[in-house]
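Engineer: requesting a structural model of the entry that follows:
(one chain, ligands or ions: 1)
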Amino acid sequence: MKARTMNGSEIDVSQDALDRLRMEIRGPLLVPGDAGYEDSRTVWNAMIDRKPAIVVRCLGVADVIACVRFARQHQLLICMKGGGHNIAGLASADGALMLDLSLMRGVRVDPRNRVAHAQAGCLLGDVDRETQVHGLATVLGFVSATGIAGLTLGGGFGYLTRRWGWTTDNVIGMDLVTADARPVRATADVNADLFWGLRGGGGNFGVVTGIDYALHAVGPEIVGGVVAWPAGDAPAVLELYRTMAEAAPPELTLVGFMRPAPPAPWLPKDMHGKPIVAILACHSGNPNEGEKAVSAIKSFGRPVGDVLVRRPYAQLQSMLDATQPKGRRYYWKSEYLAGVEPALCEGVIAAAAKIPSPHSAVILFQIAGALTRLDAQHSPVGNRDARYVLNIGGAWEQAADDAKNLAWVRETWTDLRSFSTGGTYINFLTADEGPERVEAALGKGIARLAGIKASWDPENVFRTNRNIPPATAHR
Ligand SMILES: Cc1cc2nc3c(=O)[nH]c(=O)nc-3n(C[C@H](O)[C@H](O)[C@H](O)COP(=O)(O)OP(=O)(O)OC[C@H]3O[C@@H](n4cnc5c(N)ncnc54)[C@H](O)[C@@H]3O)c2cc1C
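Structural biologist: Numbering: from 1, shown residues only. Sure, this is the predicted structure:
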């Protein structure tokens, strides 16, 4: 069968070689035409359509080692898939050997030491489900079907970021398989350079097989949900958002957004498809305090829908899932903001009035708080001056609508970019964003990452990612 090498040339992999690999692994090996191949090779964003030559659905570290060894023997390009949610489609590559880790979804919680040990194929919801049994949680993102591996390796933020920082600030150890097919542990004490690089440097250093997270007391009951108003109320609602967010305690995270109303049961039918402005809130502390903290939102104006209530934390963590299904076409632009100025709100309102698709949105995520407690170079994620994330999220169904949706996202970005800190979130970069945007995301950390890359992956075996080329050729 034809496959692709690391340097892009084509190579034949014999049936004999494939059979030998099959005998070495526990998980299924799939090639085009096999049942399950399509599901593995496709990613969340339907704009990405790539076909790996071979997919191995790894069942454990030994499978990962066998695959890396096989790839090295045949000089094959490797790609790795966790939740497949990366918008740039980094998980899939034409002609590659794909290590699909999505069967490795075990989670073990140690409530006494407040640590969760998660296999790298877990989705966010897998970890929340197990940690919430003990009233514990770590910092994860807003959509439960996202993979922990990609999210954590690129930084990670969510409702708990204001209290405990980037997801990666909460990582206490990782297990990975290196470019020379060795199982290695990275913590603050063991392979400390590697540990630093993994907390923001993405999949550059190896195939991560397990992640250990520090846990915090959260829930199980919290106050969370969303309140929506007609878009005509946006000037007042965004002003409320702006002023409340600045005064909010760390337990309260507010997300403001504008979009056409989705056909959700909590919104009246006659509003579906009409433009709304909304505030999504999570108070992760004491629910009595939470109810007080969000009362100004619930009593504001005349909302068209209000599901901001006491609820299980794990339920809030999957509340947005239906708005972000796999298989739509997605294109985003994102920036970090130091604040939400009135002029930015005006720009958001103007952009929302031109949204060409019922699924797109302009979103302001609040992240200020614990991030600033750590030094800028604590990990490569950096950007500790960021207080909000602006996401211009284009989402639509048909390829025929690509041009107008891409244009809306790009024009909105051009209009709002001047409010940026200059930094951007590496995990929100789309396929057409190149090295200068990676630099905007990682800043000064890139030089140190290149040195770590040179030590751990001098031949750049792991390159289907936001690639950091090794600084030197030798270890
Ligand atoms: C709907 C949606 C909501 C999101 N919400 C948030 C959010 O709230 N907060 C947030 O911070 N981010 C969010 N993101 C962004 C998310 O962090 C990235 O898309 C991330 O890459 C997803 O991880 P994944 O495992 O699903 O990635 P995949 O697409 O599976 O992989 C992406 C890349 O990650 C690396 N990688 C994956 N697995 C491994 C591994 N085992 N070892 C080494 N490298 C690996 C590889 O380089 C791979 O190419 C969201 C994305 C989507 C699509």
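
Engineer: got a list of what the closest residue to the ligand within the stretch 351-475 of the chain touches?
Structural biologist: In the stretch 351-475 of the chain, the residue that lies nearest the ligand is Asn465 (3.3 Å; C-beta to the nearest ligand atom). Bear in mind the C-beta positions are built from the backbone N, C-alpha and C, glycine included. Neighbouring residues of Asn465 by C-beta atoms under 8 Å, 6 or more residues apart in numbering: Leu90, Gly202, Gly203, Asn204.

Engineer: need the nearest residue in space to the residue in the stretch 151-300 of the chain positioned nearest to the ligand, chain neighbours excluded.
Structural biologist: Of all residues in the stretch 151-300 of the chain, Gly203 sits closest to the ligand, at 2.6 Å by C-beta to the nearest ligand atom. Distances taken as C-beta to C-beta, 6 or more residues apart in numbering place Asn465 nearest to Gly203, at 4.2 Å, with adjacent residues excluded.

Engineer: how far away is that neighbour from Gly165?
Structural biologist: 23 Å (C-beta to C-beta, to the nearest Å).

Engineer: quick revisit: PyMOL command to pick out the buried ones of the contacts of Asn465?
Structural biologist: What follows is the PyMOL syntax selecting those of those that are buried according to 16 or more other C-beta atoms under 10 Å:
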select buried, resi 90+202+203+204
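
Engineer: biggest separation within the contacts of Asn465, which pair?
Structural biologist: Greatest spatial distance among those (C-beta to C-beta): Leu90 and Asn204, at 11.1 Å.

Engineer: what residues are shared contacts of these two?
Structural biologist: Asn465, Arg466.

Engineer: any idea which element the nearest residue to Thr421 once chain neighbours are set aside lies in?
Structural biologist: Spatial nearest neighbour of Thr421, excluding adjacent residues (C-beta to C-beta, 6+ apart): Tyr336 at 4.6 Å. Counting by DSSP states H and E, the element that carries Tyr336 is strand 329-337.

Engineer: run the contact check for that strand versus the ligand.
Structural biologist: No - remark: strand 329-337 sits outside contact range of the ligand, by C-beta under 6 Å from any ligand atom, the gap being at least 7.0 Å.

Engineer: from the chain's centroid, how far away is the following helix or strand past that strand?
Structural biologist: Sequence order places helix 342-352 as the next helix or strand after strand 329-337, per DSSP H and E. Here helix 342-352 is found 25 Å from its chain centre; the criterion is C-alpha atoms, centre = their mean, to the nearest Å.

Engineer: stretch 8-16 now?
Structural biologist: 33 Å.

Engineer: next, the buried residues of that stretch.
Structural biologist: For stretch 8-16, using 16+ other C-beta under 10 Å, the buried residues are Val13.

Engineer: quick one: secondary structure of the closest residue to His359 other than its chain neighbours?
Structural biologist: Using C-beta to C-beta, 6+ apart and skipping the chain neighbours, the partner closest in space to His359 is Ala395 (3.8 Å). Under DSSP: H, G, I helix; E, B strand; the rest coil, the three-state class of Ala395 is strand.
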